[in-house]
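1. Dropping the sequence and predicted coords here.
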Amino acid sequence: MSRSTTRSAGFRTVVFTCLAVTVLDGVDLLMFGAVLPVLLGEQVWGMTTVEAGFVGSLSLFGMMIGAMLAGYLTDIVGRRPIVLACVASFSVFTGLCAIAPSLEIFGLLRFLAGLGFGGALPTVIALTMEYVRIDRRQFYNGVVQTGFPIGGALVSVVAIVVIPLFGWQSLFGAAGLIGLVLFAVAYRNLPESLAFLVARGRHDEAAELARRFDIGTGAESGLAVAGGDAPAARRSALQLLAAPGFRVASLLFPLISFFGLLVAYGMNTWIPQILRSTGYDLGSALSFMLAFNLGSAAGMVVLTGLADRFGSRRVIASGFLAGAAAVASLTLAPVQAVVFAIVLVIGFCSSSQSAVYGFAGVYYPPAARGTALGLCAGLGRLGGVVGPIMVGIVIATPAGAGGVFWAFTVVGLAAALLVAVVPRSGLTDRRRPPASTGTAEQVAA
């Protein structure tokens, strides 16, 4: 087997395994929404709409805590054990939801599952970035995050067939079993972070993994084995986040993520109903969701790829600006055929949030990357909680639907501004890989 083939197979094993984790993550995230009509319609446990909203919030809060906790721990104990723990956690607790005896136990299990799949995202992004070419790290970050819309599409299709035949419990049971299979695959295929091993003095183990995955110095892991990142690892992750050159960005990235997820969750939850209420015959909400998520999936790959080539600030800020303009255009009451195109564009631009994770990932050294991504994803989840609530409040005011569109426009503009003012003091702004690596040099953010 040629050297180029083994190198390709090595990093692709990591990428596709991490993608499988986020696919299951997407399945689990949207599963409650898929079974909710049945739970309410059949009055399972006497569930009310208020209780349903509370259970949904428990999952989101679990994700927030899980992301911050796992992001911090992955910089201390390594990427591999945290990914495996997250997969095991959301698999077991999701599977147990199928036999939950009461609403209280069901809600607790959803919270515990949220801890798992909330913690998976920052960890798999951090691991992926260390095994792919330096000049393609943000693109593969986008590839891995396409697992969310893929998983959402899968659960939507499967639920239509499975729930009428086998009941809502079967969806949770099947997801739990699939998760355990994925755990076995991840246990076999996922390596540890080479930068982590080198920082802990486990040089022989790092060298063996580099040989097994045929990692050269074109990847960050290869540079770590060569000693390029050892000095940065001497400081703790929290010390690095608070160090001069990083501390301002450590405040800005979670805030940018908050605004990005506020728009994404608010749009996903309310815009179909808002557009119908303003006179558009959009048919079922599924038509909107399909357009929005198709645009979102495309944006995850395209925008992150462009970020590698042209720089994160320029691409992400432009994405947020274009999204704000698209939302604002809905206030002009365009013809119905144009609305679908606008929704597609909004979904595409909402993936600027995916690129934000990539920006944060390349901004910090490997020793602090997990913690930085955990804070970005975890605190950003509050935006996912606030977004739908904000829309409900604005709709109830005289501003109505137009007020919602303008609110989202302002949020998009604020996110673009914050991206633009992230200090040019991060890792990508002050260090490039050595010219002797033979790969394209790292693009400054």
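-> Nice, thanks for sending it over. Note that the structure is predicted; figures quoted are calculated from it, not measured.
2. And the helix ranked longest in the chain, what's buried?
-> Of all segments of type helix in the chain, defined using DSSP state H, the longest is helix 3-41. Buried residues in helix 3-41, counted by 16 or more other C-beta atoms under 10 Å: 7, 10-11, 13-15, 17-36, 38-39. Where you see a C-beta, it was placed from the backbone N, CA and C, and this is true even at glycine.
3. what's the following helix or strand after it?
-> For helix 3-41, the succeeding helix or strand toward the C-terminus, using DSSP states H and E, is helix 49-77.
4. where does the protein have its least confident helix or strand?
-> The helix or strand with the lowest mean pLDDT-type score in the chain, counting by mean pLDDT, DSSP states H and E, is helix 427-430 (a mean of 64).
5. hang on, the earlier thing: what's the mean pLDDT across the longest helix of the chain?
-> Helix 3-41 carries an average pLDDT of 77.
6. ok and it relative to helix 49-77, angle-wise?
-> Between the direction of helix 3-41 and that of helix 49-77, the angle (axes from the mean of the first three to the mean of the last three C-alpha atoms, to 10 degrees) works out to 150 degrees.
7. tell me the contacts of Met300?
-> Listed by C-beta atoms under 8 Å, 6 or more residues apart in numbering, the contact partners of Met300 are Gly142, Val143, Gln145, Thr146, Pro149, Ser351, Ser354.
8. Of those residues, grab the buried ones for PyMOL.
-> One line in PyMOL is enough to select the buried members of the contacts of Met300, burial here meaning 16+ other C-beta under 10 Å:
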select buried, resi 142+143+145+146+149+351+354
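9. burial of Phe54, as a residue count?
-> Phe54 is surrounded by 13 other residues when neighbours are defined as other C-beta atoms under 10 Å.
10. Kindly provide the distance from it to Leu375.
-> In this structure, Phe54 and Leu375 are separated by 26 Å, where distance is defined by C-beta to C-beta, to the nearest Å.
11. Ok, Ala70 next?
-> As defined by C-beta to C-beta, Ala70 lies at a distance of 11 Å from Leu375.
12. same deal with Gly426?
-> 15 Å.
13. what do you get for Leu252?
-> For Leu252, the distance to Leu375 (C-beta to C-beta) stands at 11 Å.
14. who has more neighbours, the two?
-> Applying other C-beta under 10 Å to Leu252 and Leu375 shows that Leu375 carries more neighbours, namely 23 against 17.
15. Trp406: which of the contacts of Met300 is nearest?
-> Trp406 lies nearest to Ser351 out of the contacts of Met300, by C-beta to C-beta, at 22.1 Å.
16. and the nearest residue to that closest one once chain neighbours are set aside, what does it touch?
-> Distance criterion C-beta to C-beta, 6 or more residues apart in numbering; nearest residue to Ser351, sequence neighbours excluded, is Gly299 at 2.9 Å. Contacts were defined as C-beta under 8 Å, 6+ apart; by that measure Gly299 touches Gly319, Gly347, Phe348, Cys349, Ser350, Ser351, Ser352, Ser354.
17. wait, isn't the second one in contact with Val302?
-> Spelled out, that is Gly347. No: counting by C-beta atoms under 8 Å, no contact exists between Gly347 and Val302, whose distance comes to 11.9 Å.
18. And Ala210, how far from Arg12?
-> Here the distance between Ala210 and Arg12 works out to 16 Å (C-beta to C-beta).
19. To clarify, my last question referred to Leu177.
-> Leu177 is 26 Å from Arg12, where distance means C-beta to C-beta.
20. can you check Ser329 too?
-> Counting by C-beta to C-beta - Ser329 and Arg12 are separated by 40 Å.
21. try Thr22
-> Following C-beta to C-beta, the distance that separates Thr22 from Arg12 is 15 Å.
22. mind showing which ranges of the protein have poor pLDDT?
-> Counting by pLDDT under 70, the low-confidence segments of the chain come to 1-9, 216-217, 221-222, 224, 226-235, 268-273, 276-290, 428-445.
23. so Ala153 makes contact with Asn293?
-> Yes: taking C-beta under 8 Å as the contact criterion, Ala153 and Asn293 are neighbours in contact, 6.8 Å apart.
24. which SS class is Arg424?
-> When the structure is reduced to helix, strand and coil (DSSP: H, G, I helix; E, B strand; the rest coil), Arg424 reads as coil.
25. how much space between Val27 and Glu51?
-> The gap separating Val27 from Glu51 is 23 Å, by C-beta to C-beta.
26. One more: Arg110?
-> In this view, Arg110 and Glu51 are 12 Å apart by C-beta to C-beta.
27. Of the two, which one has the most company?
-> Summary of the neighbour comparison: Arg110 and Glu51, criterion other C-beta under 10 Å, with Arg110 having more neighbours (24 against 17).
28. and the gap between that one and Arg80?
-> Where Arg80 is concerned, Arg110 sits at a distance of 26 Å (C-beta to C-beta).
29. same question, Ala174
-> Distance of Ala174 to Arg80, computed by C-beta to C-beta: 26 Å.
30. now Ala242
-> 27 Å.
31. Helices along the stretch 251-400 of the chain, start to end?
-> Applying DSSP state H, counting those that start in this stretch to the stretch 251-400 of the chain gives helices spanning 285-310, 312-329, 336-350, 352-363, 366-395, 400-420.
32. Quick one, which of those helices gets closest to Ser102.
-> Checking the helices of the stretch 251-400 of the chain against Ser102 by C-beta to C-beta gives helix 366-395 as the closest, at 24.6 Å.
33. Tell me the buried residues in that closest one?
-> Neighbour-count burial for helix 366-395, counted by 16+ other C-beta under 10 Å, picks out 366-388, 390-391, 394-395.
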